[in-house]
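Visitor: With the sequence up front, the predicted model follows.
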Amino acid sequence: MKLDTRTLVLMAVAIVINIVVGQIAVWLKLPIYIDAIGTVLVAVLAGPFAGALTGLLTNVIWGLILDPGALWFFPVSVVIGLVAGGLARAGWFRAIPLTVLAGVVIAVLSTIVAIPIIVYVYGGVTGAGTDFLTAYMVGIGNKLIESVGIANLLQNLGDKVLTVLVAWAIIKRLPSRFTSGFPFFRYSQG
């Protein structure tokens with residue numbers, strides 16, 4: 001797929017948004033990540049390939065300059081970009097209820113991808129806000145993989161719904177002279 005200059009510039013801005021907002025969430029130990037707003041923004045406007053590439057580059061750049069742990073989660077960001085772009089193509093970003101549902105779908109799929117990374121790379125402890133719930137779940141007798149899955153899914157539901165709503169709000173407020181040139185934007189028009 002060929003990426004035009006407009007898409008490349010959008011991707012660069014989105015990567016900065018992802019890293020800055022995500023790093024603030026890490027520093028503050030927030031129970032959400034909100035590090036995929038830019039990825040969803042690109043995916044909805046320019047499609048799944050551009051969204052996946054934005055997610056991949058976000059994690060690689062972030063991992064190289066600020067947080068090496070971000071590198072491990074590049075598959076999660078790629079899935080977010082692919083799924084958001086696919087759902088955009090299906091018209092799921094036309095109205096708030098469908099956008100919320102898109103956030104739920106993205107949360108479930110990104111959780112499935114994140115669980116093995118959290119369990120096998122980090123032993124279930126990533127230093128994020130979900131660690132407390134994971135520890136509690138293990139403490140009451142659940143297996144580590146189940147505990148990570150439940151904690152991550154609960155966190156991801158709030159995180160990804162907020163992420164897609166913020167991206168949707170940004171897209172709806174962008175000037176039409178800017179958004180009309182993006183190939184996937186027409187699928188998000190209500």
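Guide: Good, I have the coordinates.
Visitor: which residues make contact with stretch 166-184 from outside it?
Guide: 4, 6-7, 10, 34, 37-38, 40-41, 43-47, 84-85, 88-89, 93, 96, 99, 185, 188 (Cβ atoms under 8 Å, 6 or more residues apart in numbering). (C-beta placed from N, C-alpha, C; glycine too.)
Visitor: ok, the residue nearest to the spatial centre of the chain to Gly139 distance?
Guide: Geometric centre of the chain, nearest residue: Ala36, 3.3 Å, by Cα atoms, centre = their mean. With the distance defined as Cβ to Cβ, to the nearest Å, Ala36 ends up 30 Å from Gly139.
Visitor: Leu157 now?
Guide: For Leu157, the distance to Gly139 equals 22 Å [Cβ to Cβ].
Visitor: what separates the helix or strand hosting Asn152 from the chain centre, distance-wise?
Guide: Using DSSP states H and E, Asn152 sits in helix 144-173. Relative to its chain's centre, helix 144-173 lies at 8 Å (Cα atoms, centre = their mean, to the nearest Å).
Visitor: ok, now stretch 72-82?
Guide: 7 Å.
Visitor: Check stretch 20-33 too.
Guide: Put simply, stretch 20-33 sits 13 Å off its chain's centre (Cα atoms, centre = their mean).
Visitor: Residue ranges in the protein under the pLDDT threshold?
Guide: For the chain, the stretches with pLDDT under 70 are 190.
Visitor: if we can go back for a sec, among the contacts of stretch 166-184, name the buried ones.
Guide: Buried by 16 or more other Cβ atoms under 10 Å: 7, 10, 34, 37-38, 40-41, 43-47, 84-85, 88-89, 93, 99, 185, 188, out of the contacts of stretch 166-184.
Visitor: what packs against the helix or strand where Leu82 lies?
Guide: In this structure, Leu82 is located in helix 74-89 according to DSSP H and E. Using 3 or more Cβ pairs under 8 Å, 6 or more residues apart in numbering; DSSP states H and E, the elements in contact with helix 74-89 are helix 37-46, helix 48-65, helix 96-116, helix 144-173.
Visitor: Kindly reformat those as CSV and extend each row with distance to Thr126.
Guide: Conversion of the helices and strands packed on helix 74-89 to CSV gives the following (distance: least, Cβ to Cβ, whole Å):
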stretch, distance to Thr126
helix 37-46, 19
helix 48-65, 14
helix 96-116, 9
helix 144-173, 9
